[in-house]
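Asker: Sequence below, structure please.
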Amino acid sequence: MFDGEFTHAGDLCTFEVLVTRFALRDQALKRMAELIHDLDLKDAKYGREEAAGLEHLIAGICMAHPEDEVRLERGSAVLDDLYELFRRKRG
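Answerer: Okay, the predicted model is just below:
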């Protein structure tokens, strides 16, 4: 967000900035940050294999639901479930 308190910094996306700024050590969040970086900056810095699938899923949510509230609800549920996968899966 332009002029937001948290935004991109250097080659980090906003999510990476938040994880770093709050010194979060959760490995699942670290993997989520890598995935979000690859989606947001489209530079394949981390080469997360999940990026293409998640990008399509988010696009599908946006196409199917014009209402912001529904998009947020459905997108949040997807990201919560993906976090749970990363939390349980090591590596």
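
Asker: what about the residue nearest the centre of the chain, which SS state?
Answerer: Using CA atoms, centre = their mean, the residue of the chain that lies closest to the mean C-alpha position is Ile36, 3.3 Å off. The assignment at Ile36 comes out as helix when based on DSSP: H, G, I helix; E, B strand; the rest coil.

Asker: which one is it nearest to, not counting chain neighbours?
Answerer: The shortest distance from Ile36 to any non-neighbouring residue, by CB to CB, 6 or more residues apart in numbering, is to Phe15 (4.4 Å). Where you see a C-beta, it was placed from the backbone N, CA and C, and this is true even at glycine.

Asker: For Val17, give its distance to Arg88.
Answerer: 26 Å (CB to CB, to the nearest Å).

Asker: Those two: which is more packed in?
Answerer: Val17 (17 against 8; other CB atoms under 10 Å).

Asker: That one contacts Asp11, correct?
Answerer: No: under the contact definition of CB atoms under 8 Å, Val17 does not touch Asp11, with a separation of 10.7 Å.
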